[in-house]
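*Asks:* I would like to see how this sequence folds:
(one chain, ligands or ions: 1)
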Amino acid sequence: MLHQSVWLVSLALMGVLAAVFLFVYSQSHVREDDYTPLQKRAYRLRARLFWVLVLTMGPAMIYNLVDLPYDAARAHAGNNAMVIDAVGHQWYWKLSHDEVRVGEPVVFRVTSADVNHGFGIYDLDLKLVAQTQAMPGYTNTLLHTFERAGTYRVLCMEYCGIVHHNMIAEIRVIEERN
Ligand code: CUA
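*Replies:* Have a look, this model is predicted:
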């Protein structure tokens, strides 16, 4: 659905671009002796275009910024969140815990002991549900709440050497106790 509308918007923009190109091309044979009025028109157009950009991109930028999930993630985690330290090595993952409960917020503190790795959590259908980068000398925090019980997999998402494909860890997600 989202992909489709992104595609339609791209298509529309490509159409506009093609129309502008054709217009410029069709006008390129017309010669004028005095360029002053043309220049004035161009400047006016440029000023108008500037404000159109400010008025469309400004709100778009604000809309995108307020949607940043970082603060919400911090607020959600609270004190009762489970913390899992994850360290990437060539070529395996070391997790401080590998069992969590459904619906329990988990904070992953992700780093690397050697080179850059990609920390990607995949669900039972091997769909990516959360990811961050595992970097040496830096800890990335990733908040995730597992919604389904089962065995999730952590795969490396960044090529890190010949056994990159073997960096697989498992996280067991069990039903909440009552
Ligand atoms: Cu670690 Cu690819």
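
*Asks:* hey, let's count contacts and neighbours off CA atoms from now on
*Replies:* OK.

*Asks:* looking at this protein, which helix or strand does the model trust least?
*Replies:* helix 70-77 (a mean of 56; mean pLDDT, DSSP states H and E).

*Asks:* which strands or helices does the helix or strand following that one pack on?
*Replies:* Using DSSP states H and E, the next helix or strand after helix 70-77 towards the C-terminus is strand 82-89. Counting contacts by 3 or more C-alpha pairs under 8 Å, 6 or more residues apart in numbering; DSSP states H and E, strand 82-89 packs against strand 92-95, strand 105-112.

*Asks:* contact partners for the closest residue to residue 167 other than its chain neighbours?
*Replies:* Once flanking residues are discounted, residue 167 sits nearest to residue 92: 4.5 Å by C-alpha to C-alpha, 6 or more residues apart in numbering. Contacts for residue 92 (C-alpha atoms under 8 Å, 6 or more residues apart in numbering) come out as 166-169.

*Asks:* which one of those residues is nearest to the ligand?
*Replies:* Distance to the ligand, by C-alpha to the nearest ligand atom, is smallest for residue 167 among those, at 5.9 Å.

*Asks:* surely that closest one is in contact with residue 157?
*Replies:* No - assessed by C-alpha atoms under 8 Å, residue 167 is found out of contact with residue 157, at 9.2 Å.

*Asks:* flag every buried residue along stretch 135-148.
*Replies:* 135-136, 139, 141-146 (16 or more other C-alpha atoms under 10 Å).

*Asks:* distance between that stretch and the chain's centre?
*Replies:* The chain centre lies 14 Å from the centre of stretch 135-148; the measure is C-alpha atoms, centre = their mean, to the nearest Å.

*Asks:* start and end of it, how far apart?
*Replies:* Distance between the two ends of stretch 135-148: 28 Å, counting by C-alpha to C-alpha, to the nearest Å.

*Asks:* give the helix, strand or coil label for residue 60.
*Replies:* Assigned state for residue 60: helix (three-state reduction, DSSP: H, G, I helix; E, B strand; the rest coil).

*Asks:* residue contacts, it?
*Replies:* Residue 60 touches nothing, counting by C-alpha under 8 Å, 6+ apart.

*Asks:* which of the contacts of residue 92 are buried?
*Replies:* Using 16+ other C-alpha under 10 Å, the buried ones in the contacts of residue 92 are 167-169.

*Asks:* among those, which are in reach of the ligand?
*Replies:* Near the ligand, taking C-alpha under 6 Å from any ligand atom as the test, the members of the buried ones among the contacts of residue 92 found are residue 167.

*Asks:* all set, thanks.
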